[in-house]
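Enquirer: could you look at this predicted model? Sequence included:
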2 protein chains.
Amino acid sequence: MQKQDRRVQRTDQLLRQALIDLSLERGYDSVTVQDITDRANLGRATFYLHYKDKDQLLLSTLEAIVDDLLERITPELKNMFMYGETSPILTIFRHAQENRDLYRIILSGRAVVSVERRLREFAAVNAQKILLAFLRGKRSPMPIEIVAYHFANSLLGMIDWWLENETTYSAEYMAQLFYELSVTSVLRSLGLQLAVTEIKPTPPPGPSS
Amino acid sequence: MQKQDRRVQRTDQLLRQALIDLSLERGYDSVTVQDITDRANLGRATFYLHYKDKDQLLLSTLEAIVDDLLERITPELKNMFMYGETSPILTIFRHAQENRDLYRIILSGRAVVSVERRLREFAAVNAQKILLAFLRGKRSPMPIEIVAYHFANSLLGMIDWWLENETTYSAEYMAQLFYELSVTSVLRSLGLQLAVTEIKPTPPPGPSS
DNA sequence: AACAGAACTAGACATACTGTCTAGAAAGAA
DNA sequence: TTCTTTCTAGACAGTATGTCTAGTTCTGTT
């Protein structure tokens, strides 16, 4: 990451954006390497100088975005409020909104298996970490892996639905829905009281109906 | 479906099984039409006499299995008990167990986008029907589409996890976990009391830990 | 047992995409 | 300017697709 690589980074960025755009336009599967380099105004050979294949390109885009999310979310996990402005859940919804295109490609199965699986695995692993922290050593009455998987799966599903359908709902509203639909029962299943302060009564129902 | 088509059906079945087997062995994506017909001891040309492409073949397998499930589940939906031996949820878990291979290929994203999406859509649509029936005309405090999507997504996620990991858990146990993790909070989110009888206390915790 | 029609096969074909390689052009730092 | 990195154009072999044709093998019916 030294020397003369501003050019390289620019090319990287062009390729990533081209793949995202083309995927949304006509589906990840049907996008060829040729298509990508054409769109990015680059030679096809250049692609292979940067990435092994199309999946690698998408994967690297995912990694970048995941790093970004982690950076934003880690400090918030210190205090474990699931509600309010510092809620990690809210942050995740906001992050999804900001990176809507990429999330959509990956989540709605537009993209390829391996990448989606990577994201889901990442989510499940982190969910488990968080739930374990909540437990503080207590024993869960339910297998923690299932609960964590369910938690991550629900969150991703909620995001998927949101980005595909009613984007007019605010991130705050979605976070609240998720809280009511998932967080509460997850905590209860772990044998925990809602160890959470700041429960807003019931935020305004999202814009449209 | 007349005349001399026992042979056709047999060929169909051979192709389907070959695709399932090969997909589990080395991933749906990397299976070629040649592979399938080799495994089924058929000529490649024969494949195209039956299906347009690989996706079509998988899709037709899915349709068949979905029809089967619907047939079993429809009568159970008459009485709406979510618990007990006639619980539709339990039936779904059993169905998944019986058709484990196919479910795994589709759910774990081993297969192709379009097929998985079809299954998820099917699940969401039916979930919505069921929830509407539960509401009996009452107005839900939460957007019903989201709740239905969440419900379907959770169920599929649970099945996915189950088939991929601890198949030693019984279908009954999984149904109960699902009930506690999802059904309760879904009903509550719809503004419903648990309109359900027969809540078993807490079934034995699945075999392993 | 023989026949007719349906179902399958083998192989060839055009097409498309992949991933690699080479020789050389363009860009940018020194 | 000069030197190194980065990109390009085009060619290449390899593999999969989907279509087609002519011919073979089944199977139910007579």
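Expert: Yep, that arrived. Numbers count the residues shown, from 1 in each chain, chains lettered A, B, ... in the order given.

Enquirer: what's the burial count for the spatially closest residue to A:Tyr51 that is not a sequence neighbour?
Expert: With CB to CB, 6 or more residues apart in numbering or on different chains as the criterion, A:Tyr51 has its nearest non-adjacent residue at 4.5 Å, and that residue is A:Leu57. Just so you know, the C-beta spots here come from the backbone N, C-alpha and C atoms, and that holds for glycine as well. For A:Leu57, the count of nearby residues is 22 (other CB atoms under 10 Å in any protein chain shown).

Enquirer: just the one 10 residues further on next, same as before
Expert: Look at A:Asp67: counted by other CB under 10 Å, it has 10 neighbours.

Enquirer: what about the helix or strand encompassing it, near DNA strand C?
Expert: Per DSSP states H and E, A:Asp67 falls inside helix A:54-78. Yes: shown here: helix A:54-78 in contact with DNA strand C (CB under 7 Å from any atom of the strand) through A:Lys54.

Enquirer: any idea how far that helix is from the chain center?
Expert: Offset of helix A:54-78 from its chain centre (CA atoms, centre = their mean, to the nearest Å): 8 Å.

Enquirer: cool, stretch A:53-61 as well?
Expert: Worked out by CA atoms, centre = their mean, stretch A:53-61 lies 16 Å from the chain centre.

Enquirer: how about the residues of chain A near chain B?
Expert: A:27, A:29, A:108-110, A:112-113, A:116-117, A:142-143, A:145-147, A:149-150, A:153-154, A:157-158, A:160-161, A:165-166, A:177, A:180-182, A:184-186, A:188-189, A:202, A:206, A:209 (CB under 8 Å from any CB of the partner chain).

Enquirer: for PyMOL, write the select line for the buried members of those residues.
Expert: A single PyMOL command is used to select the members of the residues of chain A next to chain B judged buried by 16 or more other CB atoms under 10 Å in any protein chain shown:
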select buried, chain A and resi 108+109+110+112+113+116+142+143+146+147+149+150+153+154+157+158+160+161+166+177+180+181+182+184+185+186+188+189+206
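
Enquirer: any weak-confidence spans in chain A?
Expert: A:1-4, A:80-86, A:193-209 (pLDDT under 70).

Enquirer: name the residues of it found near DNA strand D, please.
Expert: A:3-5, A:7-8, A:10-11, A:37, A:41-46, A:49-50.

Enquirer: redo that, cut-off 10 Å
Expert: A:1-12, A:14-15, A:37-38, A:40-50 (CB under 10 Å from any atom of the strand).

Enquirer: among those residues, name the buried ones.
Expert: A:11-12, A:14-15, A:37, A:40, A:42, A:47, A:50.

Enquirer: looking at the residues you listed, which is nearest DNA strand C?
Expert: A:Phe47 (7.7 Å; CB to the nearest atom of the strand).

Enquirer: contacts only, for A:Gln97.
Expert: A:163, A:167, A:171 (CB atoms under 8 Å, 6 or more residues apart in numbering or on different chains).

Enquirer: filter those down to the buried ones, ChimeraX style.
Expert: Listed next is the ChimeraX selection for buried residues among the contacts of A:Gln97, using 16+ other CB under 10 Å:
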select /A:163,171
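
Enquirer: so which of the contacts of A:Gln97 belong to helices?
Expert: A:163, A:171 (DSSP state H).

Enquirer: please name the nearest non-neighbouring residue to A:Gly157.
Expert: Nearest non-adjacent residue to A:Gly157 (CB to CB, 6+ apart): B:Asn153, at 3.5 Å.

Enquirer: doesn't B:Leu119 make contact with that neighbour?
Expert: No: with contact defined as CB atoms under 8 Å, B:Asn153 does not count as touching B:Leu119 (11.3 Å).

Enquirer: before we move on, back to that, which helices and strands sit right next to the helix holding A:Asp67?
Expert: helix A:6-26, helix A:33-39, helix A:88-98, helix A:100-107, helix A:113-135 (3 or more CB pairs under 8 Å, 6 or more residues apart in numbering or on different chains; DSSP states H and E).

Enquirer: which bits of chain A sit near DNA strand C?
Expert: By CB under 10 Å from any atom of the strand, the residues of chain A that approach DNA strand C are A:2-7, A:10, A:29-37, A:43-49, A:51-57.

Enquirer: recalculate using a threshold of 6 Å.
Expert: A:4, A:6-7, A:32-34, A:45, A:48, A:53-54 (CB under 6 Å from any atom of the strand).

Enquirer: just to revisit the earlier point, report the contact partners of the residue nearest to A:Tyr51.
Expert: A:Leu57 neighbours (CB under 8 Å, 6+ apart): A:15-16, A:19, A:36, A:47, A:50-51.

Enquirer: please apply the same query to A:Asp55.
Expert: Contacts of A:Asp55 (CB under 8 Å, 6+ apart): A:112, A:114-115.

Enquirer: output those residues in JSON lines; the columns should cover distance to B:Pro75.
Expert: Listed next are these as JSON lines, based on distance: CB to CB, whole Å:
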{"residue": "A:Val112", "distance to B:Pro75": "40"}
{"residue": "A:Ser114", "distance to B:Pro75": "40"}
{"residue": "A:Val115", "distance to B:Pro75": "41"}
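
Enquirer: convert stretch A:181-194 to PDB, retaining C-alpha atoms only.
Expert: Extracted C-alpha coordinates of stretch A:181-194, given in PDB (Å, rounded to 0.1, in the frame of the first residue of the first chain):
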ATOM      1  CA  LEU A 181     -40.200  -9.400  16.600                       C
ATOM      2  CA  SER A 182     -36.800 -10.900  17.500                       C
ATOM      3  CA  VAL A 183     -34.800  -9.300  20.300                       C
ATOM      4  CA  THR A 184     -37.400  -9.800  23.000                       C
ATOM      5  CA  SER A 185     -38.100 -13.400  22.300                       C
ATOM      6  CA  VAL A 186     -34.400 -14.100  21.900                       C
ATOM      7  CA  LEU A 187     -33.600 -12.700  25.300                       C
ATOM      8  CA  ARG A 188     -36.500 -14.500  26.800                       C
ATOM      9  CA  SER A 189     -35.300 -17.700  25.200                       C
ATOM     10  CA  LEU A 190     -31.900 -17.200  26.800                       C
ATOM     11  CA  GLY A 191     -33.600 -17.000  30.200                       C
ATOM     12  CA  LEU A 192     -32.900 -13.300  30.500                       C
ATOM     13  CA  GLN A 193     -35.100 -10.500  31.500                       C
ATOM     14  CA  LEU A 194     -35.100  -7.600  29.100                       C
END
